[in-house]
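In: can't give you the sequence, but here's the structure:
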């Protein structure tokens, strides 16, 4: 059984404190240094707009200052990660207000990319209506509708119009599984495939949790989905989808692979991060006059923190003991170095 060396943990910690934004640094402290979850809430507040939604670059790949469904759902995910997702939580109430009133909605779901994104630096997949390599008729509601459906059904009462709207979206999206290749953006890129798959998993989890279909139908939908992912996506995406839908834990082999990945130095290496931070992307016409921060700097840190959390939960951090109540982990490297 492999464990992550303490020296690697300390190096990642140093990288977090040198390069992470306040929101990720607060999340790190919550997980590994007995930090207060209120720090995460405070850090999120600077990205929130008066309409209750989030923008302002919270999603590292999109600098739109306006509220977007994607950035707002990301903020909610951060609240869930630190246990501040109760309905009475003021920030959750404000997110509910945004979701109920946003115009970035069609009868098919919530828009991943919104028109105003095109006025600001963003990755190609945040360009409206679609990234250049997507089919022209690709549904712009993919990627975030599954998560927002779960949010709405969890927090809103059934007599609210937004709840009924969510059920209508659900009735539209589920049959797409029978036409999946036509509505699947898998391009061979792990990141894009995983985003698409996660949205569908959110949707299927919502159906099962809220008993919107009988158990037999839920099982059939999961089997159908996994068969399509196995056929269409890269192997790593299928394995993660299968793990999530089956609710199984990580295997020893998967945990060993995480240890090797983090120990290899290519996740948090500062040279790589600085290179990524200086990257440029083209707009749809290939115009390089619009330079941007690629966001890869922060996404790599977010990924490293997430993987460390998983390793900690399975006691795979060297010389660490399960003492911390927040994440089930504690490590002396989190307070030294």
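Out: Structure's in. What do you need? Everything quoted here is computed from the prediction, not taken from an experiment.

In: need the contact list for residue 2.
Out: Contact analysis of residue 2 by C-beta atoms under 8 Å, 6 or more residues apart in numbering lists 255-256, 259-260, 316. Placement of C-beta: from N, CA and C, glycine included.

In: Derive a ChimeraX selection command for the buried subset of these.
Out: Selection command for ChimeraX covering only the buried members of these, criterion 16 or more other C-beta atoms under 10 Å:
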select :255,259,316
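
In: Check the contacts of residue 2 and tell me the two furthest apart.
Out: By the measure C-beta to C-beta, 260 and 316 form the most distant pair in those, at 11.3 Å.

In: The helix or strand encompassing residue 218 - contacts with which helices or strands?
Out: Element membership for residue 218 (DSSP states H and E) is helix 215-232. If you count contacts as 3 or more C-beta pairs under 8 Å, 6 or more residues apart in numbering; DSSP states H and E, helix 215-232 packs onto helix 190-209, helix 235-246.

In: where are the low-confidence patches of the stretch 51-200 of the chain?
Out: With pLDDT under 70 as the threshold, the stretch 51-200 of the chain has low-confidence stretches at 131-139, 179-193.

In: swap the cut-off to 50 and go again
Out: Confidence mapping of the stretch 51-200 of the chain against pLDDT under 50 gives the ranges 188, 190.

In: Reformat the helices and strands packed on helix 215-232 as TSV; add mean neighbour count and distance to residue 120.
Out: TSV is the format used below for the helices and strands packed on helix 215-232 (neighbours: other C-beta atoms under 10 Å; distance: least, C-beta to C-beta, whole Å):
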stretch	mean neighbour count	distance to residue 120
helix 190-209	20	20
helix 235-246	16	29
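
In: still on that earlier bit, mean confidence for the helix holding residue 218?
Out: Confidence for helix 215-232, expressed as mean pLDDT, is 87.

In: what about residue 97, distance to residue 126?
Out: Residue 97 sits 24 Å away from residue 126 when distances are taken as C-beta to C-beta, to the nearest Å.

In: More neighbours: those two, which one.
Out: More crowded of residue 97 and residue 126, by other C-beta atoms under 10 Å: residue 126, with 24 against 13.

In: Would you check that that one makes contact with residue 117?
Out: Yes: counting by C-beta atoms under 8 Å, residue 126 sits close enough to residue 117 to count as a contact (5.0 Å).

In: in terms of contact, does residue 106 touch residue 141 like I think?
Out: Yes: using C-beta under 8 Å as the test, residue 106 is close enough to residue 141 to be in contact (6.1 Å).

In: Which of these two has more residues huddled nearby?
Out: In this view residue 106 and residue 141 are compared by other C-beta under 10 Å, and residue 141 has more residues nearby, 23 against 13.

In: residues touching that one, list them.
Out: If you count contacts by C-beta under 8 Å, 6+ apart, residue 141 has them with 106, 108-112, 169.

In: hang on, it in a strand?
Out: No: membership of residue 141 in a strand is not supported by DSSP: H, G, I helix; E, B strand; the rest coil, which gives coil.

In: Can you tell me how far it is from residue 260?
Out: The gap separating residue 141 from residue 260 is 38 Å, by C-beta to C-beta.

In: what do you get for residue 56?
Out: Counting by C-beta to C-beta, the gap between residue 56 and residue 260 amounts to 36 Å.

In: swap in residue 195?
Out: Between residue 195 and residue 260 the distance is 24 Å, computed by C-beta to C-beta.

In: Equivalent analysis for residue 231, please.
Out: Distance check for residue 231 against residue 260: by C-beta to C-beta, it reads 28 Å.

In: next one: residue 39
Out: Here the distance between residue 39 and residue 260 works out to 32 Å (C-beta to C-beta).

In: How about residue 154?
Out: Taken as C-beta to C-beta, the span from residue 154 to residue 260 is 37 Å.

In: rewinding a little: list residues touching both of residue 126 and residue 117?
Out: Among the neighbours of residue 126, those also in contact with residue 117 (C-beta under 8 Å, 6+ apart) are 62, 64.

In: can you give me the strands for this structure?
Out: Across the chain, reading from the start of the chain, the strands by DSSP state E fall at 105-106, 109-110.

In: how far does stretch 201-213 sit from the chain's center?
Out: Here stretch 201-213 shows a centroid-to-chain-centroid distance of 18 Å under the convention C-alpha atoms, centre = their mean, to the nearest Å.

In: Same check on stretch 233-241?
Out: Counting by C-alpha atoms, centre = their mean, stretch 233-241 comes out at 16 Å from the chain centroid.

In: for stretch 68-88, same thing?
Out: Chain-centre distance of stretch 68-88: 11 Å, with C-alpha atoms, centre = their mean.

In: Need the pLDDT of residue 271.
Out: Residue 271 is given a pLDDT of 42.

In: go on, the one 3 residues further on?
Out: With respect to pLDDT, residue 274 has a value of 40.

In: still on that earlier bit, the helices and strands packed on helix 215-232 into CSV, with extra columns for distance to residue 308?
Out: Written out in CSV, the entries for these read as follows (distance: least, C-beta to C-beta, whole Å):
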stretch, distance to residue 308
helix 190-209, 19
helix 235-246, 17
